[in-house]
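# what would the 3D arrangement of this be:
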Amino acid sequence: MDGRVMAMSEIEFSLNDAFARSPLGLYVHVPFCASTCDFCAFYQTTPTRSGVEGYLNAVRQELELVRLRKPVDTVFWGGGTPGLLAPEDLRTLGDTVLGACGQRPAEWTIELAPASVTDARLAVLKELGVTRVSLGVQSFSHALLDALGRQHTREQVLKAYARVRDAGFASVNLDLMFALPGQDLAAWELDLKTAIDLAPDHLSTYCLTFEEDTKLWIKLSKGQVKLDPEHEARLYERTWDILDGAGYSQYEVSNFARPGHACAHNLNTWRMHEWVGIGPSAAGQHDCLRGANTADLDKWMEGIARGERMTDDRVRLTSGLLVEDAMVFGLRMNVGVDLQALKTRFPAAGWADLDRTLTRLSEQGLVERTEAVVKLSRRGRLLADSVGSELVGVLSEA
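Numbers count the residues shown, from 1 in each chain. Just a heads-up that it's a prediction; the model follows:
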């Protein structure tokens with residue numbers, strides 16, 4: 001028993017040492033949504049006054065439970081629809097977060113639905129120190145928005161974007177989706193052109209995925225919509241070429257930015273640094289553990305009141321697990337993975353096994369490799385998820 005305890009202590013010491021100089025992120029899940037979009041699988045619930053008040057109180061309690069050994073560098077508020085919170089509730093949540101951060105975060109992102117953008121909400125967010133707004137646009141087409149079950153219109157998107165710009169936030173992202181039911185290449189190119197004309201600092205373009213237990217999944221299972229991988233690939237590649245020509249540098253399979261506007265919070269997560277997840281369903285990687293909060297507002301609040309958090313999918317971190325995930329997510333980035341830096345952080349991982357797998361992927365034309373760096377080829381970027389699955393389970397659990 002003593003030997004096992006000592007071994008675990010040594011592992012924790014090694015991982016804490018590896019994380020000591022890495023950034024720390026804070027993700028806050030705001031679960032409230034007015035309605036559920038056909039494609040959405042994120043946890044959400046309808047807001048009530050008692051539910052919002054209970055949520056805000058539990059966020060404060062959960063942050064008190066977290067052992068933060070260093071200041072927070074980046075904050076990300078996702079949902080749900082964070083912008084559904086009233087201005088005074090946004091201020092309460094923001095003050096609670098700032099009190100836990102130890103410093104004003106260098107980057108602070110909030111996701112907003114266009115229909116929830118008001119001058120009063122934006123004023124509070126600006127005063128709190130939010131630096132980055134991500135608008136969930138999905139499409140500028142009325143027909144395509146209706147097919148997704150979205151509750152906003154093209155006109156609301158344009159008005160919301162103008163308000164966000166007038167408020168003076170340092171960076172603005174637009175979220176778009178492609179390969180939507182009924183969307184051909186011309187329709188996607190028109191969405192891209194409309195977005196580019198608005199001149200956002202950042203664009204996220206996601207291929208529609210069919211998550212279980214969503215309305216779109218049900219439509220797929222009934223044959224009402226169909227998958228078309230070849231069509232998806234054409235839209236992927238056209239996206240890369242159009243945005244590159246418009247001055248947006250692709251830094252991850254689905255993300256493009258003007259210089260200085262890549263999302264630092266996401267970069268830190270993809271590089272397997274530390275982040276704390278607060279709120280129902282929020283996942284985190286911190287204090288040598290990875291896990292998620294229960295995806296139920298009431299159960300999460302009850303657990304926090306008992307001093308319990310990260311109760312779902314809870315695992316103890318190992319070098320092997322961290323390197324594996326750093327490869328899976330790191331390869332999605334255009335710069336690829338710095339193998340030398342990763343070996344320095346996690347020397348005990350099963351590098352020989354990984355080397356054999358990377359050699360095979362290179363021979364298949366899916367990755368490009370030098371002595372220090374490995375990255376996806378253009379063909380590999382089209383098959384990023386498949387390449388990632390080849391790396392799962394490769395490394396020994398060191």
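# give me the contacts around stretch 44-61.
The contact list for stretch 44-61 (Cβ atoms under 8 Å, 6 or more residues apart in numbering) reads 28, 30-34, 36, 79-81, 84-86, 89, 92-93, 96-97, 278-279, 297, 300-301, 304-305. C-beta: built from backbone N, CA, C; applies to glycine.
# now that stretch: mean pLDDT?
Taken as a whole, stretch 44-61 has a mean pLDDT of 92.
# now it: buried residues?
44, 45, 47, 51, 52, 54, 55, 58, 59, 60 (16 or more other Cβ atoms under 10 Å).
# isn't residue 105 right next to residue 73, touching?
Yes. Using Cβ atoms under 8 Å, residue 105 and residue 73 qualify as a contacting pair, with a distance of 6.1 Å.
# what about residue 69, how many neighbours?
11 (other Cβ atoms under 10 Å).
# tell me how far it lies from residue 276.
Residue 69 sits 11 Å away from residue 276, going by Cβ to Cβ, to the nearest Å.
# what do you get for residue 141?
From residue 141 over to residue 276 (counting by Cβ to Cβ), the distance is 38 Å.
# how about residue 145?
According to Cβ to Cβ, residue 145 and residue 276 sit 34 Å apart.
# could you do residue 312 as well?
In terms of Cβ to Cβ, residue 312 sits 15 Å off from residue 276.
# out of those two, which sits in the busier spot?
Applying other Cβ under 10 Å to residue 312 and residue 276 shows that residue 276 carries more neighbours, namely 25 against 11.
# which of the helices or strands spans the more buried one?
If you go by DSSP states H and E, residue 276 is part of strand 274-278.
# that strand - contacts with which helices or strands?
Contacts defined by 3 or more Cβ pairs under 8 Å, 6 or more residues apart in numbering; DSSP states H and E place strand 274-278 against strand 24-30, helix 49-65, helix 264-270, strand 283-286.
# among these, which comes closest to residue 160?
Among the helices and strands packed on strand 274-278, the nearest to residue 160 by Cβ to Cβ is strand 24-30 (17.5 Å).
# in the stretch 51-200 of the chain, which spans are helices?
87-101, 119-128, 142-148, 154-167, 185-198 (DSSP state H, counting those that start in this stretch).
# look up the pLDDT of the residue nearest the centre of the chain for me, please.
Centrality entry for the chain: nearest residue to the mean C-alpha point is residue 266, 5.9 Å, by Cα atoms, centre = their mean. Each residue has a pLDDT score; the one for residue 266 is 97.
# give the contact list for it.
So residue 266 contacts 76, 252, 255 (Cβ under 8 Å, 6+ apart).
# most neighbours among those residues, which one?
residue 76 (25 neighbours).
# what residues are bridge-paired with it?
residue 27, residue 109 (DSSP bridges).
# quick revisit: closest one to residue 347 among the helices and strands packed on strand 274-278?
In terms of Cβ to Cβ, the element of the helices and strands packed on strand 274-278 nearest to residue 347 is strand 283-286, at 19.7 Å.
# mind giving me the packing neighbours of the closest one?
strand 24-30, strand 274-278, strand 289-292.
# closest to residue 199 out of these?
strand 24-30 (27.5 Å).
# check the offset of that closest one from the chain's centre.
10 Å (Cα atoms, centre = their mean, to the nearest Å).
# who does that strand touch, helix- and strand-wise?
strand 74-79, helix 87-101, helix 264-270, strand 274-278, strand 283-286.
# give the other helices and strands that the longest one contacts.
Packed against helix 87-101 by the contact rule (3+ Cβ pairs under 8 Å, 6+ apart) you find strand 24-30, helix 49-65, strand 74-79, helix 119-128.
# can I get the shortest one in CSV? Just the C-alpha atoms.
Output in CSV follows, covering the C-alpha atoms of strand 74-79 (Å, rounded to 0.1, in the frame of the first residue of the first chain):
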residue,chain,number,x,y,z
THR,A,74,-8.1,33.1,-19.7
VAL,A,75,-11.8,32.9,-19.0
PHE,A,76,-14.5,31.5,-21.3
TRP,A,77,-18.3,31.7,-20.7
GLY,A,78,-20.2,29.2,-22.8
GLY,A,79,-23.6,27.7,-22.8
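# can you list the low-confidence ranges for the protein?
1-18, 34-43, 150, 209-227, 396-398 (pLDDT under 70).
# one more time with 80
1-21, 33-45, 147-152, 208-229, 348-350, 371, 395-398 (pLDDT under 80).
# per-domain residue ranges of it.
23-269, 319-398 (automatic domain parsing).
# next one: the last one to chain centre, how far?
The reference is to domain 319-398. 20 Å.
# please report how far the closest residue to residue 143 other than its chain neighbours lies from residue 20.
Closest residue to residue 143 apart from its sequence neighbours, by Cβ to Cβ, 6 or more residues apart in numbering: residue 182 at 6.8 Å. Note on residue 182: its distance to residue 20, by Cβ to Cβ, is 51 Å.
# go on, residue 298?
Residue 298 sits 37 Å away from residue 20, going by Cβ to Cβ.
# what's the answer for residue 88, then?
38 Å.
# now the phi/psi pair for residue 380, please.
phi -60, psi -30 (degrees, to the nearest 10).
# residue 117 too?
Here the main-chain torsion angles of residue 117 (degrees, to the nearest 10) amount to phi -80, psi 120.
# for burial, what's the neighbour tally of it?
22.
# Throw the helices and strands packed on helix 87-101 into TSV and include distance to residue 191, thanks.
What follows is the helices and strands packed on helix 87-101, written out as TSV (distance: least, Cβ to Cβ, whole Å):
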stretch	distance to residue 191
strand 24-30	27
helix 49-65	34
strand 74-79	22
helix 119-128	24
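# now for these, which one comes closest to residue 192?
strand 74-79 (23.8 Å).
# which elements pack onto that closest one?
Against strand 74-79 (3+ Cβ pairs under 8 Å, 6+ apart) you get strand 24-30, helix 87-101, strand 107-112, helix 264-270.
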